[in-house]
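# Fold the following.
(one chain, ligands or ions: 1)
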Amino acid sequence: MVEAKLNVDASKFDLPVVKATEGADGIVVSSLKNDGFVTLDPGFLTTAQCESKITFIDGQKSILRYRGYPIEQLCEQSDFLEVAWLLQHGELPTKVQYDQFCLDLNHRTMVGEDFRSFMASFPRSAQPMSVLASAINALAAFYPDTTDISDPEQLDESARIIMAKARTIVSYIYRRRRDEPMLYPDVARGYVDDFLRMCFAVPYEPYESDDLSIHALGRLLIIHADHEQNCSTSVVRIAGSAHANLYSAVAAGVNALSGPLHGGANEAVLKQLEVIRDSGESVGQFVEHAKDNGARISGFGHRVYKCHDPRAVVAKHYLEQLMARGDVDRRLPADERALFDIATELEDIATHDDYFVSRHLYPNVDFYTGLLYRVIGFDAPMFTPLFALGRIPGWIAQYREMLADPQTKIGRPRQVYTGQVERDYVPMDQR
Ligand code: SDX
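Here you go, the predicted model:
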């Protein structure tokens, strides 16, 4: 076993090192707890919470792999449900396994009438991520016989229910916001095709699928499917470490993802592009103001990627394809089409500006995805629920890996106390 030597004053520690198959090895510091030391690492910049075999990111080389398969190959050759299986089971499915998985999900896509009434109880203007987190959490109440995570079949069933019903829930959130009826699933269609139908179909008109939108959204779901120990996944793991059921843990992940520094950035990017468009200033002037004020440009920067985010490359590719289509004028009014030009100019300026380059700030997954969701037909408040829809198989896979890991303990970080030392109470009339 490789060891790390740590000397603190007169104390010497030999700390075991866990060798990684790729990326950073891990120095195990748990033994320090007996010696009066804790490690301090705000934001966990260099702290691993677990060993994992699911996703590998190399932020210096723009590498993202799910179970060893490069994201680029999965986007070219796979589909979202196959990737969902891969993340959870560790291997690409056989045809029999894939067909059964699709059948299992198709037979669980519908929600009961009481759940539809529950969905209809939210104000139409409610914040979509609040509704999504509430709805995922409520699945535990509507399917109470699938909440005992010590029962493998109940855990499997809850995973199937979340995967199957999440897209129905997201389509209901979209329809309710527009005062449109919530549609029932059509299992004869594929996962993405039927999701778009449940969102966009007009009941009294025939619905025509759009293959490029289906393919582009399918790639968006794939690139969002997992991203190792990001903020929301860490929340899912730590909630699950207390043996909270899968619905509760995934709902916690949805809530964490809603933050504008995390999954909420895709919506913030569109607002930012609109501000630039309506400001009357040039993109270059906007960038200079951001630098002068130390302001954050939404969609830029990443904790792990210190060069371009490979997911942003995929999103931009499909956005360019949809923007180049002849019907884009019908899909996007001119003032919104202008946002794409602003985005590409913003990327070009920032990626050549030393302020950003020196800080390793490049477009992240959220920079182009909002525009792509927009040209597919969704409005900005739906962008982060769509991110969450993609991330669900990753959250499920990470939860299950955590639960199955014999090293897992309830997550309970320590602190370095720098507050008041002991002192006596002072009666009110003496203060
Ligand atoms: C996601 O972790 C994941 O994997 C997340 C995710 C996933 O798939 O789960 O990839 C999804 O959340 C993508 C990120 C979406 N967020 C945004 O686009 C919001 C804008 N970006 C940032 O706020 C920021 O870059 C973070 C939150 C993404 C990362 O922050 P870090 O790693 O904590 O970096 P930092 O705050 O320490 O910043 C380092 C420096 C600072 O400058 P100095 O103090 O050194 O002078 O870079 C600057 C920051 O001010 N900086 C930015 C910036 N992001 C960081 N400056 C301008 N614009 C930005 N966007």
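# switch to C-alpha atoms for all contacts and neighbour counts from now on
Fine.
# Now Val304: closest residue in space that isn't a chain neighbour?
Nearest in space to Val304, with sequence neighbours left out and distances taken as Cα to Cα, 6 or more residues apart in numbering, is Gly59 at 5.0 Å.
# surely that neighbour meets His360?
No. Judged on Cα atoms under 8 Å, Gly59 makes no contact with His360 at a distance of 10.2 Å.
# what is in contact with the two at once?
Shared contacts of Gly59 and His360, defined by Cα atoms under 8 Å, 6 or more residues apart in numbering, comprise Lys306, Cys307.
# Let me know the secondary structure of the residue of the stretch 51-200 of the chain at minimum distance from the ligand.
Nearest to the ligand, among the residues of the stretch 51-200 of the chain, is Ile57, at 9.0 Å (Cα to the nearest ligand atom). Here Ile57 is recorded as strand under DSSP: H, G, I helix; E, B strand; the rest coil.
# does the closest residue to it other than its chain neighbours belong to a helix or a strand, and which?
Nearest residue to Ile57, sequence neighbours excluded (Cα to Cα, 6+ apart): Leu64, at 4.6 Å. For Leu64, the host element (DSSP states H and E) is strand 63-66.
# same check, this time on Trp85
helix 80-89.
# For stretch 117-125, measure first residue to last.
Stretch 117-125 has an end-to-end distance of 16 Å (Cα to Cα, to the nearest Å).
# For it, which residues meet the burial criterion?
Of all the residues in stretch 117-125, those buried under the rule 16 or more other Cα atoms under 10 Å are Met119, Phe122, Arg124.
# Pick the one among those residues closest to Phe300.
Relative to Phe300, the closest of these is Arg124; by Cα to Cα it sits at 31.5 Å.
# Doesn't that closest one belong to a helix?
No. Judged by three-state DSSP, Arg124 forms no part of a helix; its state is coil.
# what residues are up against it?
Arg176, Arg177, Arg178, Asp179.
# which phi and psi does it have?
Note on Arg124: backbone dihedrals following degrees, to the nearest 10 are phi -60, psi -30.
# Over to the one 4 residues further on?
The phi/psi pair for Pro128 (degrees, to the nearest 10) reads phi -50, psi -40.
# Could you do Tyr417 as well?
With angles defined as degrees, to the nearest 10, Tyr417 sits at phi -80, psi 120.
# residue contacts, it?
By Cα under 8 Å, 6+ apart, Tyr417 has no neighbours at all.
# For it, give me the pLDDT.
You'll see Tyr417 listed with a pLDDT of 94.
# Secondary structure element holding Tyr184?
Assessed by DSSP H and E, Tyr184 sits outside every helix and strand.
# surely it meets Met198?
Yes. Tyr184 is within contact range of Met198, at 7.2 Å (criterion: Cα under 8 Å).
# Apart from its chain neighbours, what residue comes closest to Phe367?
The nearest residue in space to Phe367 (Cα to Cα, 6+ apart) is Gly299, at 4.1 Å.
# Distance check, the one you found against Pro260.
10 Å.
# intersection of neighbour lists for the two?
Asn266, Ala268.
# Alongside the ligand, which residues does the protein contribute?
Contacts of the chain with the ligand, taken as Cα under 6 Å from any ligand atom, map to 227, 230-231, 261-263, 265, 294-303, 359, 364-366.
# Return the members of those residues classed as buried.
Counted by 16+ other Cα under 10 Å, the residues of the chain next to the ligand give 227, 231, 261-263, 265, 297-302, 364-366 as buried.
# residues near Phe115, how many?
Using other Cα atoms under 10 Å, Phe115 has 17 neighbouring residues.
# let me redo that: Asp379
Asp379 has 15 neighbours, counted by other Cα under 10 Å.
# which residues sit in contact with it?
Residues near Asp379 by Cα under 8 Å, 6+ apart: Tyr373.
# hmm, try it at 10 Å
Tyr174, Glu267, Leu270, Gly370, Leu371, Tyr373 (Cα atoms under 10 Å, 6 or more residues apart in numbering).
# cool, and Arg108?
Glu157, Arg160, Ile161, Ile162, Met163, Ala164, Lys165, Thr168, Pro185, Val187.
# try it again with 7 Å
Ile161, Ala164, Lys165 (Cα atoms under 7 Å, 6 or more residues apart in numbering).
# Quick one, grab the pLDDT at the spatially closest residue to the first one that is not a sequence neighbour.
What it means is Ile161. Leaving out its chain neighbours, the residue that sits closest to Ile161 by Cα to Cα, 6+ apart is Arg108, at 6.1 Å. Per-residue confidence at Arg108 stands at 96 (pLDDT).
# For Ala225, which non-adjacent residue is spatially closest?
Arg391 (4.2 Å).
# neighbours around the one you found, how many?
25.
# can you check the one 5 residues further on too?
The number of residues packed near Ile396 is 28, by other Cα under 10 Å.
# Assign a three-state SS to it, would you?
Look at Ile396: counting by three-state DSSP, its state is helix.
# about what we covered before: count of residues packed around the residue nearest to Val304?
So Gly59, with other Cα under 10 Å, has 18 neighbours.
# who's in contact with it?
Gly59 neighbours (Cα under 7 Å, 6+ apart): Val304, Tyr305, Lys306, Cys307.
# try it again with 6 Å
Val304, Tyr305, Lys306 (Cα atoms under 6 Å, 6 or more residues apart in numbering).
# Just the buried residues from the residues you listed, in PyMOL please.
Buried residues within the contacts of Gly59, by 16+ other Cα under 10 Å, are selected in PyMOL with:
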select buried, resi 305+306
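# re the thing from before, so which of the contacts of Arg108 is the most crowded?
Ranked by the number of neighbours (other Cα under 10 Å), these place Ile161 first, at 23 neighbours.
# Go ahead and list the helix or strand containing it.
Per DSSP H and E: helix 152-177 holds Ile161.
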